[in-house]
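# Here's my sequence, what's the structure:
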Amino acid sequence: MWKRSIIITITLLVAALIVGVCDPGGDEPVLISLPVVVDGDEIVTCVNDEGWTVEVSTFRLAVRDLEFTIEGEIHAGLSGRISELLIPTALAHPGHLAGGDVTGELTGDFVLDLHADVEQSLGRADLLVGEYHGFNLSFRVASESDGLDGNDPLLGHTALIEGQATRDDDTVDFTAVLDVEDGTGMVGGTFNLDVTETTSSTLVMRIHTIDPYENDTLFDGLDFLAIDDDHDGVALIEPGDEAHNVLAKTIVRHDHYGVIPQP
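Okay, here's the model as predicted:
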């Protein structure tokens, strides 16, 4: 991943140089820095396609390297071709205006706590001026280098989700420990912002338990009564389970990810 980070940095520099050369006025392109935070405002109670009302109490996720993308070429002509060689353009996702050239980044390893009562600061992202339409990130495995002790259930895994699911007279308290292959990417989360020299927005990253476009949920496909096979009202979803595969497949989809600019 450090190689990719170097490539992204080179791309930003090359794009900046080319835009400056192509600009008849000779103005140098602007690279600005914006704060990035994460909060749990969209981790809301939802009803999945099996009729279960799901309330989340814990949502932690290990990720790395946020990338911010401009749709289409960075600059007409030569710069677009060079950026394509350095970082291939992501495939567009219908309805999300996703895909494009990576012209902004916040590198590093992060453990997101998306049910915290306060915003969690991730750092500052560097972005070239331009009209942004998407963002990407990579999943990873949490380790002791994240400051986790040996008893932390997230250690050695990608995500930890805890909560309660109810349907009619049935209630199931669940814990989901999810594994996603290290380096798997989420491409095409929503991020819409025209970044100018005077932009001072805070970029707020969120995961939506309810897809704001199609209204499906993170927990679709899960029948919690079937998961609670001994019917004691407690269920563990872990690697090797069918329910794990369903939830892990959903959690990597771009539909549930967004960055919201705030003043």
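# The closest residue to V44 other than its chain neighbours: neighbouring residues, count only.
Nearest residue to V44 in three dimensions, chain neighbours excluded: T209, at 5.6 Å (C-beta to C-beta, 6 or more residues apart in numbering). For every residue, glycine as well, the C-beta is placed using N, CA and C. The number of residues packed near T209 is 22, by other C-beta atoms under 10 Å.
# do V180 as well
For V180, using other C-beta under 10 Å, the count is 21.
# Please identify which helix or strand holds it.
Element membership for V180, per DSSP states H and E: none, as it lies in no helix or strand.
# was I right about the residue nearest to V44 contacting T217?
Yes. If you go by C-beta atoms under 8 Å, T209 and T217 touch, sitting 5.9 Å apart.
# shared neighbours of the two, which are they?
Common contacts of T209 and T217 (C-beta atoms under 8 Å, 6 or more residues apart in numbering): 46, 54.
# so what's the residue nearest to V44 up against?
Counted by C-beta under 8 Å, 6+ apart, T209 has contacts 42-46, 54, 56, 217-219, 256.
# same deal with D152?
Here D152 is in contact with A142 (C-beta under 8 Å, 6+ apart).
# would you say it is within a strand?
No. The assignment for D152, made by DSSP: H, G, I helix; E, B strand; the rest coil, is coil rather than a strand.
# need the next SSE after the least confident helix or strand in the chain by mean pLDDT, C-terminal direction.
In the chain, no helix or strand scores lower on mean pLDDT, DSSP states H and E than helix 78-86, which sits at a mean of 35. Once the chain leaves helix 78-86, the next helix or strand it forms, by DSSP H and E, is strand 101-113.
# For that next one, buried residues please.
By 16 or more other C-beta atoms under 10 Å, the buried positions in strand 101-113 come out as 101-107, 110-113.
# so T199 touches P35, yeah?
No. In terms of C-beta under 8 Å, T199 does not count as a neighbour of P35; the distance is 11.5 Å.
# Who has more neighbours out of these two?
For T199 and P35, the more surrounded residue by other C-beta under 10 Å is P35, and the numbers stand at 17 against 14.
# The closest residue to that one other than its chain neighbours and G51: what is the separation?
Using C-beta to C-beta, 6+ apart and skipping residues adjacent in sequence, the residue nearest P35 is T202, 5.0 Å away. For T202, the distance to G51 equals 38 Å [C-beta to C-beta, to the nearest Å].
# and if you look at E214?
For E214, the distance to G51 equals 18 Å [C-beta to C-beta].
# Would you list the buried entries among the contacts of T209?
42-43, 46, 54, 56, 217-219, 256.
# what's the pLDDT at H115?
For H115, the pLDDT comes out at 80.
# Look up the pLDDT of E181 for me, please.
Confidence at E181, expressed as pLDDT, is 97.
# For H231, the count of nearby residues, please.
For H231, the count of nearby residues is 10 (other C-beta under 10 Å).
# Can you tell me the element D41 falls in?
Assigned by DSSP H and E, D41 falls outside every helix and strand.
# in this structure, which spans are helices?
2-22, 78-86, 224-227, 242-251 (DSSP state H).
# I'd like to know which of those helices has the weakest mean confidence.
helix 78-86 (a mean of 35).
# circling back: so the residue nearest to P35 is in contact with I260, correct?
No. Taking C-beta under 8 Å as the definition, T202 is not a contact partner of I260, at 9.2 Å.
# neighbour count winner among those two?
A count of neighbours by other C-beta under 10 Å puts I260 above the other of T202 and I260, at 17 against 14.
# Excluding chain neighbours, give the residue nearest to the more buried one in space.
Once flanking residues are discounted, I260 sits nearest to V204: 4.7 Å by C-beta to C-beta, 6+ apart.
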